[in-house]
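Novice: from the sequence below, what's the structure:
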Amino acid sequence: MNNGNHLGTINPLVDIYNGISLRYALPCGGEDIDTFVGDIRLTKAVGDEDFITLGTDKSESPYEGEIIYKDDEGAICRCWNWRESVRTMLTEDTRNAFLCIELTDEKRVEEFENALKDLAKTVQEELGGTCKASILDINNKQVTIE
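Specialist: As a prediction, the model looks like this:
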C-alpha cells in the first residue's frame, strides 16, 4: 500500500545500495574505505568502542557482545550493517567505498548473488565506478581491500 511516504535521497551511492536492499530484502550498508584506521573486522563488541551514530554528536558504545564492524579506532557500524558511524559514512566526496550485503538465510544464496551482481552493475553504470566483489563465509574469512 502506498501511504504517500517515499524513500528520501541521501547521496547517489547510498541511494543505490538502499534500492538494492529494498529490491532484494537484504541488509546493505557502506563505508568510506579512506576513513578506516587499520583493518576492519566483523566481530563481537567489547562494549567500550567509540561510536558516533549518524544524526548525533555523542558516542554511543555498542553493547558487549553486539555484532559490529570495527577498525582500530572503534566501531564503524553497529547492529551488523544497520547503524552507521559518522566517522566512516559515505559522502559526496567518497572515492573508495566498502559496500556490504549480508545474508543470514542460506536458502537465499541465489538472491544474494543476484543482489551482489546488481549492486556492482548499478554502481558501474550510474557512477562510473569499478567493483571487486568478494563473499566472506566460514570457509573464506578475510579479504584484502585495495
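
Novice: the worst-scoring helix or strand of the chain on mean pLDDT - which strands sit beside it in the sheet, and in what orientation?
Specialist: Least confident helix or strand of the chain, by mean pLDDT, DSSP states H and E, is strand 83-84 with a mean of 87. Strand 83-84 sits in its sheet next to strand 75-78 (antiparallel), going by DSSP bridges.

Novice: hmm, who's touching the strand it pairs with?
Specialist: Strand 75-78 is contacted from outside by 29, 31, 36, 40, 45, 49-51, 53, 61-62, 66, 68-70, 83-85, 87-88, using Cβ atoms under 8 Å, 6 or more residues apart in numbering. All C-beta spots, glycine's among them, are computed from the backbone N, C-alpha and C.

Novice: average pLDDT across it?
Specialist: Averaging pLDDT along strand 75-78 yields 93.

Novice: next one: stretch 96-108
Specialist: 94.

Novice: got a pLDDT number for Ser59?
Specialist: According to the model, Ser59 scores 89 on pLDDT.

Novice: actually Tyr69, not the one I typed
Specialist: 94.

Novice: counting by contacts, list what the helix or strand harbouring it packs against.
Specialist: In this assignment (DSSP states H and E), Tyr69 forms part of strand 67-70. Contact here means 3 or more Cβ pairs under 8 Å, 6 or more residues apart in numbering; DSSP states H and E; on that basis strand 67-70 packs against strand 41-44, strand 75-78.

Novice: ok, Asn11 - how many residues close by?
Specialist: 13 (other Cβ atoms under 10 Å).

Novice: on that earlier part again, which other residues reach the least confident helix or strand of the chain?
Specialist: Contacts of strand 83-84 (Cβ under 8 Å, 6+ apart): Gly29, Glu31, Thr53, Leu54, Ile76, Cys77.

Novice: before we move on, back to that, and the strand holding Tyr69, which strands flank it?
Specialist: strand 41-44 (antiparallel), strand 75-78 (antiparallel).

Novice: please identify the most buried of the ones you listed.
Specialist: Mean neighbours per residue, mean count of other Cβ atoms under 10 Å, is largest over those for strand 75-78, with a mean of 25.
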